[in-house]
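Colleague: Just to be clear, the model below is a prediction. Sequence and coordinates:
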Amino acid sequence: MSRILTVKTSAFDDQKAGTSGLRKRVSVFETKANYAENFIQSILTAAADPAQRQDAVLVVGGDGRYYNKQIIQIIIQMSAANGIGRLVIGQNGILSTPAVSCIIRKIKAIGGIILTASHNPGGPDGDFGIKYNICSGGPAPEAVTEKIFQLSKTIEEYAICPDLKVDLSTIGKQQFDLENKFKPFSVEIVDSVEAYVNMLRNIFDFNALKELLSGSEHLKIRLDAMHGVMGPYVKKILCEELGSPANSAVNCTPLEDFGGHHPDPNLTYAADLVETMETGDYDFGAAFDGDGDRNMILGKHGFFVNPSDSVAVIAANIFTIPYFQQTGVRGFARSMPTSGALDRVAKATKIALYETPTGWKFFGNLMDANKLSLCGEESFGTGSDHIREKDGLWAVLAWLSIIAKRKQSVEVIMQEHWQKYGRNFFTRYDYEEVDGAAATKLMKNMETVMTDRAFIGHKFTVCNEEYFVEKADNFEYCDPVDGSISRNQGLRIIFTDGSRIIFRLSGTGSAGATIRIYIDSYYKDASKIFKDAQTMLSPLIKIALKFSQIHEKTGRTRPTVIT
């Protein structure tokens with residue numbers, strides 16, 4: 001019989017969730033008394049009324065980073081004390097973010113708690129995060145995250161069963177009797193991969209993929225799990241199920257510090273994969289982030305597929321995936337900073353296109369209203385309405401399905417796409433861990449200039465190229481489903497030729513501020529579409545740096561990451 005304690009606590013004023021949950025340095029969760037408990041209690045209070053909790057099921061899992069297992073035990077103890085009837089937890093606490101979304105939907109849970117800081121570093125000196133997903137399987141919308149935040153600012157006590165301990169390593173059900181509770185509290189430990197792979201079997205043609213990866217003329221692939229959560233999924237699905245050689249997958253053991261690396265699938269942090277692909281030994285390469293929702297696609301000799309192009313190529317070849325042959329295509333969507341490559345496909349196919357703020361929750365609302373089938377973000381996130389999260393392995397299988405059908409290389413598929421639709425040259429400059437006050441001031445100064453009426457029509461001249469401002473604003477989104485308004489989603493300068501420069505403060509960091517600059521420019525001219533993106537965008541890059549004065553105002557001499 002486990003006792004239930006009510007513990008007095010003091011509220012914190014900084015537990016406002018960002019784009020994907022509450023992210024802080026590990027030290028904040030470890031050293032601030034009750035910091036995690038306060039936030040977990042706020043989630044549980046917001047998740048269900050007391051009368052509904054006995055029949056409620058919550059899914060719990062994480063990316064395996066440092067402090068995951070300790071927090072999972074606290075979630076178990078607090079869920080029991082708060083009257084939640086059952087928890088479903090991934091074995092050893094491991095569940096990818098897409099798998100959590102899949103399981104929530106499959107078992108009709110009221111939601112899920114995901115322990116991840118996504119692509120941010122791990123380990124004792126790294127980052128930690130707690131994220132709540134709702135019953136649709138998607139990230140909590142702003143109304144829910146705001147409710148959790150308000151609760152966290154006024155919390156005075158939390159409930160916990162401190163003696164309750166669960167073995168996370170053994171698959172099966174465990175039950176616990178609690179004082180003053182009529183029904184036992186139930187915890188079910190499940191295979192981390194099983195439900196997710198069963199779902200993928202019903203989406204893709206596994207026979208065609210198996211022939212591609214293990215047939216006589218099989219495609220040579222290299223997949224880097226970056227010591228994040230995706231290792232077990234890649235091994236089970238790509239190697240065991242689809243027959244790719246075991247050495248196709250590397251860094252597949254989830255580590256608490258991701259092997260000392262930054263689990264972010266881009267050209268900077270996945271440099272080892274890029275270097276391996278440049279040898280020409282492999283035809284297809286991919287990397288995944290810490291929690292498995294992001295992906296980077298590479299072709300032979302390190303040919304890089306920009307994420308904005310990736311979702312456009314999948315859209316243009318969407319019926320190579322059996323799932324869409326059955327469901328049809330309801331609509332496409334991209335986040336505002338993502339290039340307009342997807343727009344070209346939507347226009348050619350006469351399929352509705354939605355432009356949303358950054359954050360998967362905005363896509364989820366459209367999916368739940370049956371308005372959206374495929375979507376993507378320039379930040380290496382791609383997915384569809386099979387779940388309510390971006391899905392790195394789904395994107396890889398989508399690309400492999402296209403290759404199996406077209407029997408062409410990644411580079412040829414991309415080049416033929418540009419020849420047909422034209423090319424949106426795109427780049428992103430990230431300035432990470434900038435002083436928060438300096439970043440806010442820089443953004444406000446730019447907005448003041450941009451919102452002056454005299455700025456419309458302003459001419460920028462660089463390298464004999466002239467650009468005239470057609471529109472300048474702070475992006476605002478009215479959700480076509482519920483009419484909710486999301487303001488201050490990024491500063492946009494749109495030129496008369498359709499080129500765009502976007503400035504945005506990111507909400508995924510745990511310390512300081514991240515300023516992102518996005519540049520997007522479209523060309524149809526066949527003599528230009530195969531040129532280097534940085535070369536083609538050089539005039540706009542110079543305009544963005546000069547207009548923002550980002551180097552002068554932040555003391556930086558270069559971006560942390562260029563995509």
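Modeller: Right, received. Where do you want to start? Numbers count the residues shown, from 1 in each chain.
Colleague: Using CSV, list the CA coordinates for the strand or helix carrying Ile413.
Modeller: According to DSSP states H and E, Ile413 maps onto helix 410-421. Coordinates of each C-alpha in helix 410-421 appear next as CSV, following Å, rounded to 0.1, in the frame of the first residue of the first chain:
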residue,chain,number,x,y,z
VAL,A,410,18.5,11.5,-54.9
GLU,A,411,20.3,14.1,-56.9
VAL,A,412,18.5,13.3,-60.2
ILE,A,413,15.1,13.4,-58.5
MET,A,414,16.0,16.8,-57.0
GLN,A,415,17.3,18.2,-60.3
GLU,A,416,14.3,17.0,-62.3
HIS,A,417,12.0,18.6,-59.7
TRP,A,418,13.8,22.0,-60.1
GLN,A,419,13.5,21.7,-63.9
LYS,A,420,9.8,21.1,-63.6
TYR,A,421,8.8,23.5,-60.9
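Colleague: Relative to Pro357, how far out is Ser484?
Modeller: For Ser484, the distance to Pro357 equals 11 Å [Cβ to Cβ, to the nearest Å]. (Each C-beta comes from the backbone N, C-alpha and C, glycine too.)
Colleague: Give me the more crowded residue out of the two.
Modeller: Ranked by neighbour count (other Cβ atoms under 10 Å), Ser484 and Pro357 place Pro357 first, with 21 against 13.
Colleague: what sits against the more buried one?
Modeller: Ser335, Met336, Phe475, Tyr477, Ser486, Gln489, Gly490 (Cβ atoms under 8 Å, 6 or more residues apart in numbering).
Colleague: Excluding sequence neighbours, find me the nearest residue to it.
Modeller: The shortest distance from Pro357 to any non-neighbouring residue, by Cβ to Cβ, 6 or more residues apart in numbering, is to Gln489 (4.0 Å).
Colleague: and if you look at Asn306?
Modeller: Nearest one to Asn306, counting by Cβ to Cβ, 6+ apart, is Phe426 at 5.5 Å.
Colleague: and the strand or helix carrying the one you found, which strands flank it?
Modeller: Following DSSP H and E, one finds Phe426 within strand 423-434. Strand pairing for strand 423-434, determined by DSSP bridges: strand 513-523 (antiparallel), strand 561-562 (antiparallel).
Colleague: any idea of the angle the first one forms with helix 410-421?
Modeller: Angular relation of strand 513-523 and helix 410-421 on a 0 to 180 degree scale: 60 degrees, by axes from the mean of the first three to the mean of the last three Cα atoms, to 10 degrees.
Colleague: Mean confidence (pLDDT) on strand 513-523, please.
Modeller: Mean pLDDT, strand 513-523: 95.
Colleague: Identify the residues contacting the following helix or strand past that strand?
Modeller: Next helix or strand after strand 513-523 toward the C-terminus (DSSP H and E): helix 533-536. With contact meaning Cβ under 8 Å, 6+ apart, helix 533-536 is reached by Asn306, Phe425, Phe426, Thr427, Ser521, Tyr523, Lys528, Ile541, Ile562.
Colleague: buried residues in helix 533-536?
Modeller: Ala533, Met536 (16 or more other Cβ atoms under 10 Å).
Colleague: Please apply the same query to stretch 17-33.
Modeller: Neighbour count says stretch 17-33 has Ala17, Gly18, Thr19, Ser20, Gly21, Leu22, Arg23, Lys24, Arg25, Val26, Val28, Phe29 buried, by 16+ other Cβ under 10 Å.
Colleague: Quote the end-to-end distance of that stretch.
Modeller: Chord length of stretch 17-33, first to last residue, is 19 Å (Cα to Cα, to the nearest Å).
Colleague: How about stretch 81-88?
Modeller: Stretch 81-88 end-to-end distance (Cα to Cα) = 16 Å.
Colleague: Now do the strand or helix carrying Asn365, average pLDDT.
Modeller: Asn365 belongs to helix 360-368 when assigned by DSSP H and E. Mean pLDDT, helix 360-368: 92.
Colleague: who touches whichever helix or strand comes after that helix?
Modeller: Later in the chain than helix 360-368, the nearest helix or strand by DSSP H and E is strand 374-377. Residues outside strand 374-377 that contact it (Cβ under 8 Å, 6+ apart): 307-308, 310-311, 314-315, 318, 324, 329, 332-335, 337-338, 342, 358, 360, 363, 366, 382-385, 390.
Colleague: what number of residues lie near the nearest residue to Ser521 once chain neighbours are set aside?
Modeller: Excluding the flanking residues, the one nearest Ser521 by Cβ to Cβ, 6+ apart is Ser499, at 4.1 Å. Other residues within reach of Ser499, judged by other Cβ under 10 Å, total 23.
Colleague: Can you tell me how far Ser499 is from Asp520?
Modeller: Separation of Ser499 from Asp520 (Cβ to Cβ): 7 Å.
Colleague: which neighbours do the two share?
Modeller: With Cβ under 8 Å, 6+ apart, Ser499 and Asp520 have no common neighbours.
Colleague: Now a PyMOL select for only the buried ones of the contacts of helix 533-536.
Modeller: Only the buried members of those end up in this PyMOL selection, burial being decided by 16+ other Cβ under 10 Å:
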select buried, resi 306+425+426+427+521+523+541+562
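Colleague: Would you format the contacts of helix 533-536 as CSV with distance to Cys102 included?
Modeller: Shown next, in CSV, are the contacts of helix 533-536 (distance: Cβ to Cβ, whole Å):
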residue, distance to Cys102
Asn306, 27
Phe425, 35
Phe426, 30
Thr427, 33
Ser521, 38
Tyr523, 39
Lys528, 42
Ile541, 40
Ile562, 34
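Colleague: Which of the contacts of helix 533-536 sits closest to Glu37?
Modeller: Nearest to Glu37 out of the contacts of helix 533-536 is Ile562 (Cβ to Cβ; 40.2 Å).
Colleague: can you pull the contacts of the nearest residue to that closest one once chain neighbours are set aside?
Modeller: Leaving aside its sequence neighbours, Ile562 sits nearest to Tyr429 (Cβ to Cβ, 6+ apart; 5.8 Å). Contacts for Tyr429 (Cβ under 8 Å, 6+ apart) come out as Arg516, Ile517, Ile519, Ile541, Ala544, Pro559, Val561, Ile562.
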